[in-house]
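J.: Structure here, sequence nowhere to be found:
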């Protein structure tokens, strides 16, 4: 505790580590006593000075090794010691305290000291009960922590997609500026052609200009984020020779939550693309995405071809990847319905989300 104070370790962490070290010391004492009792029980008594020196030395060596291991594993960084609440601290230190009580009773009984056995039994039984309660509390805290981590990972995924969208908007703004500059020059050229009454040349020049404008991104919906997301995924599909068809039935004023866009639709399309990537024949690569609004509800249907030989490995990927889990979490959060099935070498997913507008 003095060393901890010198290194500015918080008092709660100091108490925790002190109890841990005491518990380790009792564990080492128990191991030493058990080992050497079996080796020298017939030749040396417990009270013999040689036995005491041997067991104490062995205990010290084992303790130093364990303490060194703890230092390597847990004390690598200077900023290790973080704030911890009292409830978690009590739950954590209860386990080494109970182990100290149990090991102390074991040591006392082994060296034949007269003790009240009923008191020890009561302390051990009470300690085990407290330890199980502490384990349940720590389990509940761990579950909450894991849920928070999963929520943060979902938010991070949505944030990354929004950042990509913002970057794309910036690129589009630069493209618009460039187009305005080019149009100004093109109008000057057209004026020159019209002044010379070269109407045919002016028409040809206009057609070339129109073809250049048609190379911009496709328009699927008024929702700019969804429009960008679809254009990005379709461009990836074209590079891999995947027939990607999109059907959107949304009202002009509808606004879809970005989490639904980036997590549900984004992950569904990503999973479909990855399944098509693993197909060797390009003519078998197909994806159909349907997004339909009815009243305040949203229907999302997607189907894709896949290699039937990978049916078993597909199940493993569903549990390994964060995509399917994120989709299920968000669908359940919105009280929606999720269904998937396989039919005629195609994988289908259908999701209905209620009252999302």
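T.: Yep, it's here. Since the model is a prediction, treat every value here as computed from it, not as a measurement. Numbers count the residues shown, from 1 in each chain.

J.: how about the strands in this protein?
T.: Taking DSSP state E, the strands of the chain run over residues 243-249, 286-294, 297-305, 337-343, 346-353.

J.: With mean neighbour count, mean pLDDT and distance to residue 147 added, can I get these in a markdown table?
T.: Quick note: C-beta positions are derived from backbone N, CA and C, even for glycine. Shown next, in a markdown table, are the strands of the chain (neighbours: other Cβ atoms under 10 Å; pLDDT from 0 to 100; distance: least, Cβ to Cβ, whole Å):
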| stretch | mean neighbour count | mean pLDDT | distance to residue 147 |
| --- | --- | --- | --- |
| strand 243-249 | 15 | 91 | 33 |
| strand 286-294 | 17 | 91 | 29 |
| strand 297-305 | 20 | 92 | 25 |
| strand 337-343 | 12 | 90 | 19 |
| strand 346-353 | 19 | 92 | 21 |
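
J.: Any idea how far stretch 260-273 is from the middle of the chain?
T.: Centroid separation for stretch 260-273 versus its chain: 16 Å, with Cα atoms, centre = their mean, to the nearest Å.

J.: now swap in stretch 176-190 and tell me
T.: 48 Å.

J.: what do you get for stretch 55-75?
T.: Computed by Cα atoms, centre = their mean, the chain-centroid distance of stretch 55-75 equals 35 Å.

J.: again, but for stretch 237-245
T.: The chain centre lies 29 Å from the centre of stretch 237-245; the measure is Cα atoms, centre = their mean.

J.: Could you pull up the residues touching residue 306?
T.: 275, 276, 278, 279, 314, 345, 346, 347 (Cβ atoms under 8 Å, 6 or more residues apart in numbering).

J.: of these, buried ones?
T.: Buried subset of the contacts of residue 306 (neighbour count, 16 or more other Cβ atoms under 10 Å): 275, 276, 279, 314, 346, 347.

J.: pretty sure the fifth one contacts residue 304?
T.: Spelled out, that is residue 346. Yes: taking contacts as Cβ atoms under 8 Å, residue 346 lies within contact range of residue 304: 6.7 Å.

J.: Touching both of the two, which residues are there?
T.: Taking Cβ under 8 Å, 6+ apart as the contact rule, residue 346 and residue 304 both touch residue 286.

J.: what about residue 56, how many neighbours?
T.: Residues lying near residue 56 (other Cβ atoms under 10 Å) number 12.
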